[in-house]
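Peer 1: Here is a sequence with its predicted model. Questions after.
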Amino acid sequence: MQIQDKVTQTEIITRSLEEAIAISQNHLLRIQYPDGYWWAELESNVTITSEVILLHKIWGTDQERPLHKAETYLRSMQKDHGGWELFYGDGGELSTSVEAYMALRLLGVSANDPVLLKAKEFILKRGGISKTRIFTKFHLALIGCYDWKGIPSIPPWLMLFPNNFPFTIYDMSSWARGSTVPLLIVFDKKPIYLTDPAINLDELYAEGKENVKYALPKNNNWGDIFLTLDKIFKWTEKNHLVPFHQKSLKVAEKWIIERQEDSGDWGGIIPAMLNSLLALRSLNYDLYDPIVQRGIKAVDNFSIETEQTYRVQPCVSPVWDTAWCLRGLVESGLNPDHPALVRGAQWLLDQQILDYGDWQIKNKEGQPGGWAFEFENRFYPDLDDSAVVVMALHGVMMPNEKIKHGAIKRCLQWMATMQCKTGGWAAFDKDNDQAWLNEVPYGDLKAMIDPSTADVTARVLEMLGACGLSMDANRVKKALAFLDKEQETDGSWFGRWGVNYLYGTSGVISALAVIAPQTHKNQIEKGVNWLLEKQNPDGGWGETCQTYREPTLRGKGVSTASQTAWALIGLLDAGMATQTWAKTAIEKGIQYLMSTQNSDGTWDEEEFTGTGFPSHFYIRYHMYYQYFPLIALGRYQKLKEQF
C-alpha cells in the first residue's frame, strides 16, 4: 500500500510537471516579438518617471507627452503611509518621495491636494529635503528649489587627465562615467530654469527654508578630505580660477556627442541619458538640434503608456531577456532547431558588438565581440550578458553552425582579456576597483566603481563548463580562487546584480558544478547546505532587498517565483537531486512553483529581485518570474528519473 501511494504521487507530479512546462513554454512562445527577441518591462521606483517629467519641463517638451497619465501613475504608486517606495514593501523612502512630490507639483498639483499633504507629512517626519541624497538635491537645484551651494563641485579639468594618469574618468564605473561627464558641465553652469508652472518646495524643509545649512554631510572618516577639496573647488569657481576651464568643458561636450548611439541613447540607461540632455541644455543647444531630438526620442522609447498611466523604465533588457528565454525553452525540452529558437538566436547574433568601447582604455589586448543588455549600446558590452548569450546560442541548432561558433569564439577571446587582477570578472570594465571613489561627495549611492563580483565571475565559468569551452588554465584557476575567497563563512555568496545571497549562491554553485565539481566539492556542499537552511515552510525561497543593508537577513523573505527558481537551479546543478536529504526540499520547491503558476503559464511576483545599486536602486524584471521558473522545472524534469 505504501509503495502504491508513492507511485501514484510520482505520477501526479510527472503529469503536473509536464503540463506546467508546456503552458509556460506556450506563454513564452506567444509573447515573442516577430523579429525574434523577447522583451518585458524593467520596473523601478518612481524617481525615473519623476526626473523625466522634470526634463520635459526644463526643455519645454512636456505638452507633447501624455504627462497627465504620469500624474495618475504617481498617484497610484503612493502608499498608505504617504510616501513612495524604493522597492516593494520597504515602508517608503525619503528621496524617492521628495522627487515624486516635486513631479506632481510640476504637473500642476496643488500643495494642498490630499495626496501631497499626506506626502508632506511623511517627508517632514524623515527630515525633509535637507536629508535627501545629493542627486535629489541636484534635481531640485535645477528649478530653484534648492541652493546650488549645497551641491558638491566636480572640477571639469578631470576630463584632461591622460589615460595613464593615476586617476581618470575611466576609473569610474561605466554608469557613473556616463552620468558624471555631463554633470561636469551642468555643475559648472549651475543653471536655474523657470518652469510652467513655477514652483517652490519650501514646505518640505523640516527646519524651515530660512534655517537650511548647505554644508555637505560629514562621514566622520578619511573621506571627509573631499569636503575640504570641495571648498577649494568652490573657491576657484567663485574667483574664476578653474584651470583649463573652457577647454575642459569642450572636451566633455565632445565626449558626450561621440557616445550617443544612433538611437539617441547614452549608455542605455536613463540617468546618463537625462544628464546628457541636461548638459546640452545648459550649453544652450537648440531643442531642434538633431542630437537633442534623438536624445529626447530615446527617452520616449523607454516609456510605457497604457490607457491610464505613463511611466518610464530605467533601462531596457531585450538581449538579456532573449538569451534567458532561449535557455529556458531549450532546457525545458523544446527542440533546439525550433523556428522560434532559431529566430531568437539569429537576432542575438545580429546584436553582437564589433566596435571598440570604453573597455579598451584598460584592456589593450582584447578585440570586441561581446553583447550588451539593450537594443543598442556599442560602447558598453558586459560580461554577464555575453556569457548568458553564449550559453543560449550553444543550446540552439542553427542552419549555419559555423557562423554561430565563430561568434562564440570571438566573444570568448574578448571575455578572457577582460579578466581582472583579482581573478574575477566585473560587469563592464577591467580593474575598475578604486574604492575611494565611493567617498566623493556626490557619489552617495556608493556605486562609483565596477569591481569583480562572484555572480559575474560565476557566469563566465558556468559558460565555460556548460558549453565545453576552454580558456587558459591559469585564468580559470585564478577565477576559482576568487570565488573561494568570496564565499561567506555560512556558505553563501553575495549577489551584486540580483537579490541577493540566493542569487549569488545559486550562480556560483551552478558554475562550480560544471567547472570544478571535484576540487570544489566542499564549497558546493556548504552552499547547498545554506540554500536548504533558507527554504520557507511553503516550499519556496525568498530574500528581501534589505539584506544589502542588513546581512543578517540574508536568505530571508517571502517566497517568490524567481528566487525559488534560483535556489532550485543551484540545488539541481549541484547534483544533489539524488540525495535523500536534498530530494524532499527540491520536490517541495517544485511543488511551490507548480502550485503558484497561473492557468496561462505565468507566475506573479510583486517583489523586486533585481539589483541596480545595492541599498539604493532595485529593479523588478517582469520576465524573471517567467523564464527562471521554467529553467528550474526543465532541469528537474531531466533529473527526476534518478529519484
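Peer 2: Good, I have the coordinates. Residues are numbered from 1 along each chain as shown.
Peer 1: contacts and neighbour counts: CA atoms only from here.
Peer 2: Will do.
Peer 1: Where does the closest residue to residue 236 other than its chain neighbours sit: helix, strand or coil?
Peer 2: Spatial nearest neighbour of residue 236, chain neighbours left out: residue 242 (5.3 Å); criterion: C-alpha to C-alpha, 6 or more residues apart in numbering. Using DSSP: H, G, I helix; E, B strand; the rest coil, the structure places residue 242 in coil.
Peer 1: what about residue 242, how many neighbours?
Peer 2: Here the count is done by other C-alpha atoms under 10 Å, and residue 242 has 18 residues near it.
Peer 1: And for residue 61, the neighbour number?
Peer 2: The tally of other residues near residue 61 (other C-alpha under 10 Å) stands at 13.
Peer 1: so how far is residue 88 from it?
Peer 2: Taking C-alpha to C-alpha, to the nearest Å as the measure, residue 61 falls 31 Å from residue 88.
Peer 1: List the buried residues for stretch 594-606?
Peer 2: 594, 597, 601-603, 605 (16 or more other C-alpha atoms under 10 Å).
Peer 1: what's the answer for stretch 434-442, then?
Peer 2: The neighbour-count check on stretch 434-442 (16+ other C-alpha under 10 Å) flags 437-442 as buried.
Peer 1: and those residues as TSV, adding pLDDT?
Peer 2: Formatted as TSV, those follow (pLDDT from 0 to 100):
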residue	pLDDT
437	92
438	91
439	89
440	90
441	87
442	84
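Peer 1: and of those, the nearest to residue 379?
Peer 2: Taking C-alpha to C-alpha as the measure, residue 379 lies nearest residue 437 of the buried residues of stretch 434-442, at 22.1 Å.
Peer 1: on that earlier part again, which residues does the residue nearest to residue 236 contact?
Peer 2: With contacts defined as C-alpha atoms under 8 Å, 6 or more residues apart in numbering, the neighbours of residue 242 are 155, 233, 236.
Peer 1: Could you export the buried residues of stretch 434-442 as JSON lines, including secondary structure?
Peer 2: Converted to JSON lines, the buried residues of stretch 434-442 look like this (three-state DSSP):
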{"residue": "437", "secondary structure": "helix"}
{"residue": "438", "secondary structure": "helix"}
{"residue": "439", "secondary structure": "helix"}
{"residue": "440", "secondary structure": "coil"}
{"residue": "441", "secondary structure": "coil"}
{"residue": "442", "secondary structure": "coil"}
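Peer 1: Any chance of the residues you listed in a markdown table with distance to residue 271 as columns?
Peer 2: Converted to a markdown table, the buried residues of stretch 434-442 look like this (distance: C-alpha to C-alpha, whole Å):
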| residue | distance to residue 271 |
| --- | --- |
| 437 | 19 |
| 438 | 18 |
| 439 | 20 |
| 440 | 18 |
| 441 | 18 |
| 442 | 14 |
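Peer 1: Next, count neighbours for residue 385.
Peer 2: Neighbours of residue 385 under the rule other C-alpha under 10 Å: 25.
Peer 1: and it, what are its phi and psi?
Peer 2: Dihedral angles of residue 385 (phi, psi; degrees, to the nearest 10) stand at phi -60, psi -40.
Peer 1: what about the helices in the stretch 251-400 of the chain?
Peer 2: 270-282, 290-301, 318-331, 339-350, 383-395 (DSSP state H, counting those that start in this stretch).
Peer 1: quick one, the third one and helix 383-395 angle?
Peer 2: I take that to be helix 318-331. Angle, helix 318-331 to helix 383-395, by axes from the mean of the first three to the mean of the last three C-alpha atoms, to 10 degrees: 40 degrees.
Peer 1: name the helices or strands packed onto helix 318-331?
Peer 2: The helices and strands touching helix 318-331, judged by 3 or more C-alpha pairs under 8 Å, 6 or more residues apart in numbering; DSSP states H and E, are helix 339-350, helix 383-395, helix 624-639.
Peer 1: returning to what we had before: can you put the helices of the stretch 251-400 of the chain in TSV and add distance to residue 588 and mean pLDDT?
Peer 2: TSV is the format used below for the helices of the stretch 251-400 of the chain (distance: least, C-alpha to C-alpha, whole Å; pLDDT from 0 to 100):
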stretch	distance to residue 588	mean pLDDT
helix 270-282	40	97
helix 290-301	42	97
helix 318-331	21	98
helix 339-350	31	98
helix 383-395	28	98
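Peer 1: Just send those helices back as JSON lines, with distance to residue 133 too.
Peer 2: What follows is the helices of the stretch 251-400 of the chain, written out as JSON lines (distance: least, C-alpha to C-alpha, whole Å):
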{"stretch": "helix 270-282", "distance to residue 133": "15"}
{"stretch": "helix 290-301", "distance to residue 133": "23"}
{"stretch": "helix 318-331", "distance to residue 133": "30"}
{"stretch": "helix 339-350", "distance to residue 133": "38"}
{"stretch": "helix 383-395", "distance to residue 133": "29"}
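Peer 1: how about those, which one is nearest residue 33?
Peer 2: Nearest of these (C-alpha to C-alpha): helix 339-350, 9.1 Å.
Peer 1: Nothing else from me, thank you.
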